[in-house]
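# Could you look at this predicted model? Sequence included:
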Amino acid sequence: MKIEGLDHLVITTEDYSKCRHFYHDILGLEVTEKNGRRAFLLGKQKLNIHCRPGEFLPAALRPTLGSQDLCLSVEGDIEKIKEELLAKGWPVEEGPVPRNGALGPMDSIYVRDPDGNLVELAVYGKR
């Protein structure tokens, strides 16, 4: 067996409308809702959203609000991305700071979604 990549992640939210506002309106991810299932599309992957623990089975043994630490690769200038988030009224917890990701050096900023999950936004190749 050879793993090719990551297809999707699942997070559980307490309030879907707040979650949708963050991932769609603030971060700009495309929304898909089919057959009672909700997700945000990002490149060739997606972020599935459960509105209660174990909404669809099988599921994680102990899904907990705010327990995720995600890193999303972003195109553009990290300073301008920070300015865009602040202009939309979304606080930046830290950054820009230099980090090393799966593909090498990157610059990152950190925000939290409405459930408290840490979301790192990273730009590669600027250093």
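Ah, there it is. Bear in mind that the values here come from a model prediction, so they are computed numbers and not experimental data.
# what's around Asp115, how many residues?
Applying other C-beta atoms under 10 Å, we find 19 residues neighbouring Asp115. Every C-beta, even on glycine, is put in place using the N, C-alpha and C of the backbone.
# likewise Phe56?
Phe56 is flanked by 10 other residues according to other C-beta under 10 Å.
# Strands along the chain, start to end?
Counting by DSSP state E, the chain forms strands over residues 8-12, 30-34, 37-42, 45-50, 69-73, 94-101, 104-112, 118-124, given from the N-terminal end onward.
# partner strands of the third one, parallel or antiparallel?
Strand 37-42 has these partner strands in its sheet, going by DSSP bridges: strand 30-34 (antiparallel), strand 45-50 (antiparallel).
# right, and Pro105 touches Ala122 too?
No: taking C-beta atoms under 8 Å as the contact criterion, Pro105 and Ala122 are not neighbours in contact, 9.9 Å apart.
# Pick the most deeply packed of the strands paired with strand 37-42.
Across those, the average number of neighbours (mean count of other C-beta atoms under 10 Å) peaks for strand 45-50, which reaches a mean of 18.
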